[in-house]
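Student: Output the structure for:
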Amino acid sequence: MLVGENFVHETYYEILSVKEDASYEEIRNSYRSAILHSHPDKLNNTSRSSSDDEKFLKIQKAWEVLSDAELRVVYDNDLRSSRHDGITADEISIEDMSVEITGDVIDLFYQCRCGDYFCVDSSELGTMGFALLRDGDFVYVKRLGAFVASVVLPCGSCSLKTRVWVDSDMKIPI
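Tutor: Down below sits the predicted model:
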């Protein structure tokens, strides 16, 4: 489980109750077992709750990512990165960042408590697997795979870092 000041994220491996080095077969078997016990058609309609639906969707999303070799590699890299980036001063959503557009480059920034900024631009995010697309009054964030990821940004002046959480299809007002 990844724990932050404002966020608690259960990993896809934890959702499917498998180890991170589990084989495709182990993941598939665990997925099949989990889905049988949480599928809305298998649950008694009178005792079904929104948390049951949420659990079912989490299992589906975990399977979608872990069953695809390419998405699993990206997910594992993000997971490893989030564990090794050290302590962050703050955790924010990419939607909390401000946008500045200069030509073809989209800059995202968030003010640090020292007065300077945590900054990242569209080309840097592109090397991390993110795409920023301008559409009218919004910048949309796209990512390979539809799962949550994070990026740790250092402040431009001090030693503080912030973790920026990114989910597929987020939009940031300009």
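Student: Residue 157 belongs to a helix?
Tutor: No. Using DSSP: H, G, I helix; E, B strand; the rest coil, the secondary structure at residue 157 is coil, not a helix.
Student: What number of residues are in the vicinity of the closest residue to it other than its chain neighbours?
Tutor: The shortest distance from residue 157 to any residue other than its chain neighbours is 3.8 Å, reached at residue 116 (C-beta to C-beta, 6 or more residues apart in numbering). The way it works is simple: take the backbone N, C-alpha and C, and place the C-beta from them, glycine included. When neighbours are defined as other C-beta atoms under 10 Å, residue 116 has 14 of them.
Student: Residue 116: what's it in contact with?
Tutor: With C-beta atoms under 8 Å, 6 or more residues apart in numbering as the criterion, the residues that contact residue 116 are 155, 156, 157, 158.
Student: Retrieve the pLDDT associated with it.
Tutor: According to the prediction, residue 116 has pLDDT 95.
Student: of the contacts of residue 116, buried ones?
Tutor: The neighbour-count test (16 or more other C-beta atoms under 10 Å) applied to the contacts of residue 116 identifies residue 155 as buried.
Student: Could I get the full set of helices for the protein?
Tutor: For the chain, applying DSSP state H gives helices covering 12-15, 24-38, 50-66, 69-84, 122-127.
Student: Looking at those, which is nearest to residue 102?
Tutor: When the helices of the chain are ranked by distance to residue 102, counting by C-beta to C-beta, first place goes to helix 122-127 at 10.3 Å.
Student: so what does that closest one touch, helix or strand wise?
Tutor: Contact analysis of helix 122-127 by 3 or more C-beta pairs under 8 Å, 6 or more residues apart in numbering; DSSP states H and E lists strand 105-111, strand 130-135 as its packing neighbours.
Student: outside of it, which residues touch it?
Tutor: Contacts for helix 122-127 (C-beta under 8 Å, 6+ apart): 104, 105, 106, 107, 108, 131, 132, 151.
Student: Show the contacting residues for residue 26.
Tutor: Contacts of residue 26 were listed using C-beta under 8 Å, 6+ apart, and they are 18, 19.
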